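>>> Structural data only, the sequence is not supplied:
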């Protein structure tokens, strides 16, 4: 008799890939001593005014699950770019721990750190950070050549990733002969060619114009379906965060003010800062049916909607019928119901 | 009291004389003691310089011109500059300045090599540490502003008259630009590009040879160009302490008021300067073609 594993598969045991604990970063000559002041409750503005030190990160605690996209959001100066640079230690922490697969990155010695960067992490930069004096194929195999991979092999890998990001035929062009969007594809291919398990993306799409940005977001999600990397994605754009993030962390003045699933952020903003952030979002577009449906397993007559659809996409059906609709999961099992009442209450809060 | 303000309270004549005498004496003893040893250090350079000069002077002149023209063409990719240089070389030879010109070319060549060989590593060192920079920078200022005659005195006392002190004087005067521009070029490298190299685990050496030096190369080349120009400017002064070349006839012309002789040799120096300048500049420009790519 065949057993049905499908339900087991769905509740895959999640594993924490990156664990950030009590992380502090203060910029200035007496950073260590200032940590105590910050612990006593001095905030970013006071620290700058009183002690002339800049508070980068203030007691950050964050768990990032394997194979998910963790978005970190905040306005400029909130510490998000500082935070991402602690994962591969481009910035040294003042205090705290960054664990990757239970290994403390902050304790690695010089060579271990180089090795960690060469094998475990790939990074994509806001302004691309491509080598202007090298052609695309050489740019893509940067990580491989630093590791000392043989030329023939690394060429092949580079060609594979150039093809993957859709840059066939541009292998021997130089970066400045490419448009911004294409350059960032090179940046992405360069990070992926190294086959790291962690991908760090620092405002990777912020420098691109809106249409290209949307394309790149789709491409990243498409790639992620197969790659299943652990991705930390920095952005200041909430729409981008909602589109990409499995989890969204929001930073303000170096403090982590909220971390949760997109719908949690939208429906239960932790404070005024987050509320302000999310107030202009079109909720019907972002929220999924499952996040506002009433769970039950009674069947209802009439049309059904999928629990993973956005509210916006089933609005016409709801408005047409003016009645309670059944909600089904991907296997077409009834999981709940939704009516115009729930939709109206969500949209009213906008 | 009034006297205090009207005349500077200087040290006594006897004291000053003693001071000068002591320093001079100490240096004279030093140079008597170690002069030969120090001279021996420069022997390889001297041999190389003499050998290079002999090669240029003793090879058949059409061959030398041909080699020069080839270098000029492949350096500049300009047919006009190549033709112009050909005419200049023919005129130089026709007016009897071939040998002196070859001497000058050889000393400029050797000085440039030494300046590059010493200057680029020093520049790299400076770019890597602000402390090194703050120590080297004032030394470079002194080297560039101190009248060359002043440092020629101890050099001549130490090494006597001849090619090596001349070489030293030229290098001291000509090396600062290449050091400064190497430092500047490396410091100007885009921080994000460097950070990318860091993020992919590049060590110091990989960063230097794959990112910093290649990206600084156009700036370094501007430094090499400056160094060559300054070396040429020193040719006349170097000839005062026995360096053969186009400078010596100029000195003779000044002493005896031979206007035509001075003018001809002066023009030969100018011709060399223009050739060196154009070739090294257009070669340097071609090194940064990748930067102009988007504007094409």
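Arrived safely, thanks for sending. Just so you know, these numbers come straight off a predicted model, no measurement behind them.

>>> In contact with the spatially most central residue of chain B, which residues?
With distances taken as C-alpha atoms, centre = their mean, residue B:174 lies nearest the centre of chain B, 3.0 Å away. Listed by C-beta atoms under 8 Å, 6 or more residues apart in numbering or on different chains, the contact partners of residue B:174 are B:111, B:112, B:115, B:227, B:228, B:230, B:231, B:234. In short, each C-beta sits where N, CA and C put it, glycine included.

>>> Going by neighbour count, which of these comes out on top?
Neighbour counts for the contacts of residue B:174 (other C-beta atoms under 10 Å in any protein chain shown) peak at residue B:111, which has 30 neighbours.

>>> quick one on the thing from earlier: now, which of the contacts of residue B:174 sits nearest residue A:263?
Distance to residue A:263 across the contacts of residue B:174 (C-beta to C-beta) is lowest for residue B:227, with 65.7 Å.

>>> surely the closest one meets residue B:119?
Yes - shown here, residue B:227 and residue B:119 form a contact pair, counting by C-beta atoms under 8 Å, at 7.2 Å.

>>> Overlap of the contact sets of these two?
By C-beta under 8 Å, 6+ apart, the residues touching both residue B:227 and residue B:119 are B:175, B:178.

>>> Tell me which helix or strand the residue nearest to the centre of chain B sits in.
helix B:163-187 (DSSP states H and E).

>>> Pull out the buried residues from that helix.
Across helix B:163-187, burial judged by 16 or more other C-beta atoms under 10 Å in any protein chain shown covers B:163-186.

>>> Am I right that residue A:249 is in a strand?
Yes - the assignment for residue A:249 is a strand, going by DSSP: H, G, I helix; E, B strand; the rest coil.

>>> can you tell me how far it sits from residue A:255?
11 Å (C-beta to C-beta, to the nearest Å).

>>> I'd guessed residue B:237 sits against residue B:245; true?
No - taking contacts as C-beta under 8 Å, residue B:237 lies outside contact range of residue B:245: 11.5 Å.

>>> So those two - more neighbours on which side?
More crowded of residue B:237 and residue B:245, by other C-beta under 10 Å: residue B:245, with 27 against 19.

>>> what residues are shared contacts of residue A:249 and residue A:255?
With C-beta under 8 Å, 6+ apart, residue A:249 and residue A:255 have no common neighbours.

>>> quick one on the thing from earlier: now, among the contacts of residue B:174, which is nearest to residue A:271?
Using C-beta to C-beta, the contacts of residue B:174 come closest to residue A:271 at residue B:227, 61.8 Å.

>>> Please name the residues that touch the closest one.
Per C-beta under 8 Å, 6+ apart, neighbours of residue B:227: B:112, B:115, B:116, B:119, B:174, B:175, B:177, B:178.

>>> Now the residues you listed in JSON lines, please, with extra columns for pLDDT and distance to residue B:85.
Converted to JSON lines, the contacts of residue B:227 look like this (pLDDT from 0 to 100; distance: C-beta to C-beta, whole Å):
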{"residue": "B:112", "pLDDT": "92", "distance to residue B:85": "18"}
{"residue": "B:115", "pLDDT": "94", "distance to residue B:85": "23"}
{"residue": "B:116", "pLDDT": "94", "distance to residue B:85": "22"}
{"residue": "B:119", "pLDDT": "95", "distance to residue B:85": "26"}
{"residue": "B:174", "pLDDT": "92", "distance to residue B:85": "22"}
{"residue": "B:175", "pLDDT": "94", "distance to residue B:85": "26"}
{"residue": "B:177", "pLDDT": "94", "distance to residue B:85": "24"}
{"residue": "B:178", "pLDDT": "95", "distance to residue B:85": "24"}
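
>>> so who does residue 178 touch?
No chain specified, so I'll use chain A. A:136, A:170, A:186.

>>> try chain B instead
Taking C-beta under 8 Å, 6+ apart, one finds B:115, B:116, B:119, B:120, B:123, B:220, B:223, B:224, B:226, B:227 in contact with residue B:178.

>>> among the residues you listed, which two are most distant?
Between any two of the contacts of residue B:178 (C-beta to C-beta), the greatest distance is 13.5 Å, for B:120 and B:226.

>>> which of those two has more neighbours?
Using other C-beta under 10 Å as the criterion, residue B:120 and residue B:226 rank with residue B:120 on top: 21 against 18.

>>> Report pLDDT for that one.
Note for residue B:120: predicted pLDDT of 96.

>>> ok, now residue A:6?
Reading off the model, residue A:6 has pLDDT 46.

>>> What of residue A:84?
So residue A:84 comes in at 95 (pLDDT).

>>> which stretch of helix or strand covers it?
helix A:80-87.

>>> can you tell if that helix touches chain B?
No - if you take C-beta under 8 Å from any C-beta of the partner chain as the test, helix A:80-87 misses chain B, and the best it gets is 8.6 Å.

>>> Can you give the contact residues for that helix?
Here helix A:80-87 has contacts from A:18, A:20, A:23, A:25, A:56-57, A:60, A:72-74, A:91, A:93, A:98, A:100, A:105, A:121, A:198, A:200-203, A:232, A:234, A:236, A:251, A:254, using C-beta under 8 Å, 6+ apart.

>>> Point me to the helix or strand that includes the residue nearest to residue A:230 when sequence neighbours are not counted.
Computed as C-beta to C-beta, 6 or more residues apart in numbering or on different chains, the closest residue to residue A:230 that is not its neighbour in sequence is residue A:17, at 4.4 Å. Residue A:17 belongs to strand A:16-27 when assigned by DSSP H and E.

>>> Taking strand A:16-27 as reference, get the angle to the next helix or strand after that strand.
For strand A:16-27, the following helix or strand on the C-terminal side (DSSP H and E) is helix A:31-39. Counting by axes from the mean of the first three to the mean of the last three C-alpha atoms, to 10 degrees, helix A:31-39 points 100 degrees away from the direction of strand A:16-27.

>>> in helix A:31-39, what's buried?
A:31, A:34, A:35, A:37, A:38.

>>> do stretch B:252-259 as well
residue B:253.

>>> Just the mean pLDDT for that stretch, thanks.
91.

>>> go on, stretch B:212-222?
So the average pLDDT for stretch B:212-222 ends up being 91.

>>> related to what we said a few turns ago, nearest to residue B:212 among the buried residues of helix A:31-39?
residue A:31 (28.0 Å).

>>> any idea how far the closest one is from chain B?
Taking C-beta to the nearest C-beta, to the nearest Å as the measure, residue A:31 falls 20 Å from chain B.

>>> Surely that residue is in contact with residue A:52?
No - the criterion here is C-beta under 8 Å, and residue A:31 misses it with residue A:52 at 11.7 Å.

>>> so which helix or strand takes in the spatially closest residue to residue B:200 that is not a sequence neighbour?
Distances taken as C-beta to C-beta, 6+ apart place residue A:143 nearest to residue B:200, at 4.4 Å, with adjacent residues excluded. According to DSSP H and E, residue A:143 maps onto helix A:142-147.

>>> That helix packs against which elements?
helix A:110-119, helix A:151-164, helix A:180-193, helix B:191-199 (3 or more C-beta pairs under 8 Å, 6 or more residues apart in numbering or on different chains; DSSP states H and E).

>>> got CSV for those helices, with mean neighbour count and mean pLDDT too?
Shown next, in CSV, are the helices and strands packed on helix A:142-147 (neighbours: other C-beta atoms under 10 Å in any protein chain shown; pLDDT from 0 to 100):
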stretch, mean neighbour count, mean pLDDT
helix A:110-119, 16, 94
helix A:151-164, 16, 93
helix A:180-193, 24, 93
helix B:191-199, 19, 93
